[in-house]
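Participant: Task: produce atomic coordinates for the following.
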Amino acid sequence: MNILAFESSCDETAAAVVQDGRVIRSNVIASSVEVHALYGGVVPELASRAHVEAIVPVADRTLSGAGLTLNEVDAVAVTYAPGLIGAVLVGVNFAKSAALAAGKPLIPVHHVRGHIAANYLTHPDLEPPFLCLCVSGGTTAIVHVKDYTDMEILGSTRDDAAGECFDKAARVLGLPYPGGKYLDELSQTGRDDAYVLPHAHVADAPMDLSFSGLKTAVINLVHNAQQKGEALSLPDLAASFSGAVSGALIPRVLHAAAETGCQRLAVAGGVAANSRIRKDLETACRQAGLRLFLPALELCGDNAAMIAAQGYYELLAGHTAPSGLNAYATRDLALG
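Facilitator: This is a model prediction of the structure:
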């Protein structure tokens, strides 16, 4: 079964065709990151306009790459939540039109469920149940994936997402946008014990997280040094910051594994590409006797292949939508 999918929740216009939820036949991404880099972050209106300009050629290239016509796909999937509402609407409306024109089922897919499904494309042997650490610019959560469409959030951030924290820290360090990649590279030559940064604990919620204090600490550290004319070691600060984020995530994931008895842990989202977090997870899982599933680096960021993969399982579960499907800026992961 071939699923054609579209993803437009932020600044990537993406389309893909995936066979049986596991095999990528075509995967095309058009990014508008260069436009947003001028402003140091994503400008929602510019993102929406870029999607409108790119989605038709992206769709054409995707079908051509898969060797299929629109009439030959079995269903059309699309990210319908969460995301920048204007951006999400572009993908939703295009997917609705494509499904209606071809007479195919329309499958609504939650963006974070898609990130989780990126692991199915990397690891054909991965099947629920398992735990998934979802870490991106908009989400930080520990998810119990009980079945392909049955998920429960065990813990999540109370404020900032880990990816947002990385981007803000990178910006105050004067790194280009998107900052997570550059901060990761900078940290490679730094000492992670050079700066003492806070690790927040949420009372009575051992699997919840908080990153706002860490973000504020880095901003204040840099601003105070600038005001006093003191020099900071940017590699050391980047390494200390990366270590602090990793140090917040891993104990909570291990707690979730102990609570649920799950022996398999997957990671999803853009922050899953961070080298420090990947390394620390590998070490922690080896010591705890857990099997770790890391998505391929090219599938960590936003893409439509992950939406098609999850769309396949949503379709098998009977989760289709009418032509009146709407887009949502926020949506509970458990609701799909």
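
Participant: what packs against the lowest-mean-pLDDT helix or strand in the chain?
Facilitator: Least confident helix or strand of the chain, by mean pLDDT, DSSP states H and E, is helix 33-37 with a mean of 84. For helix 33-37, the elements it packs on are helix 44-66, judged by 3 or more CB pairs under 8 Å, 6 or more residues apart in numbering; DSSP states H and E. C-betas here are computed from N, CA, C, even on glycine.

Participant: partners of the helix or strand following the helix it packs on, with directions?
Facilitator: Under the assignment DSSP states H and E, the closest C-terminal helix or strand after helix 44-66 is strand 75-81. Within its sheet, and counting by DSSP bridges, strand 75-81 is paired with strand 2-7 (parallel), strand 106-110 (parallel).

Participant: For the least confident helix or strand of the chain, C-alpha coordinates in PDB please.
Facilitator: Taking C-alpha atoms only, helix 33-37 is exported to PDB below (Å, rounded to 0.1, in the frame of the first residue of the first chain):
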ATOM      1  CA  VAL A  33      15.300  28.200   6.200                       C
ATOM      2  CA  GLU A  34      17.400  30.800   4.300                       C
ATOM      3  CA  VAL A  35      14.500  33.200   4.400                       C
ATOM      4  CA  HIS A  36      14.000  32.800   8.100                       C
ATOM      5  CA  ALA A  37      17.700  33.000   8.900                       C
END
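
Participant: in stretch 158-173, what counts as buried?
Facilitator: By 16 or more other CB atoms under 10 Å, the buried positions in stretch 158-173 come out as 160-173.

Participant: Please read the previous query as pertaining to stretch 202-218.
Facilitator: 207, 208, 209, 210, 211, 214, 215, 217, 218.

Participant: Run through who's touching the least confident helix or strand of the chain.
Facilitator: Under the contact criterion CB atoms under 8 Å, 6 or more residues apart in numbering, helix 33-37 has outside partners 11, 42, 43, 46, 47, 50, 176, 177, 178.

Participant: again, only this time at 7 Å
Facilitator: Residues from elsewhere that reach helix 33-37, judged by CB atoms under 7 Å, 6 or more residues apart in numbering: 11, 42, 43, 46, 50, 176, 177, 178.

Participant: just these now: which is nearest residue 186?
Facilitator: Nearest to residue 186 among the contacts of helix 33-37, counting by CB to CB, is residue 176 at 11.0 Å.

Participant: Name the nearest residue to that closest one, ignoring sequence neighbours.
Facilitator: Spatial nearest neighbour of residue 176, excluding adjacent residues (CB to CB, 6 or more residues apart in numbering): residue 182 at 5.7 Å.

Participant: next structured bit after the helix or strand where that neighbour lies?
Facilitator: Here residue 182 sits within helix 179-187, counting by DSSP H and E. The first helix or strand that comes after helix 179-187 along the chain, using DSSP H and E, is helix 212-228.

Participant: burial measure for residue 331, as a count.
Facilitator: Counted with other CB atoms under 10 Å, the neighbours of residue 331 add up to 19.

Participant: For the closest residue to it other than its chain neighbours, give me its contacts.
Facilitator: The shortest distance from residue 331 to any non-neighbouring residue, by CB to CB, 6+ apart, is to residue 81 (3.4 Å). Listed by CB under 7 Å, 6+ apart, the contact partners of residue 81 are 88, 110, 111, 327, 328, 330, 331.

Participant: most centrally placed residue in the protein?
Facilitator: Nearest to the geometric centre of the chain sits residue 269, at 2.6 Å (CA atoms, centre = their mean).

Participant: Now do that residue against residue 113, distance only.
Facilitator: When distance is defined by CB to CB, to the nearest Å, residue 269 is 12 Å away from residue 113.
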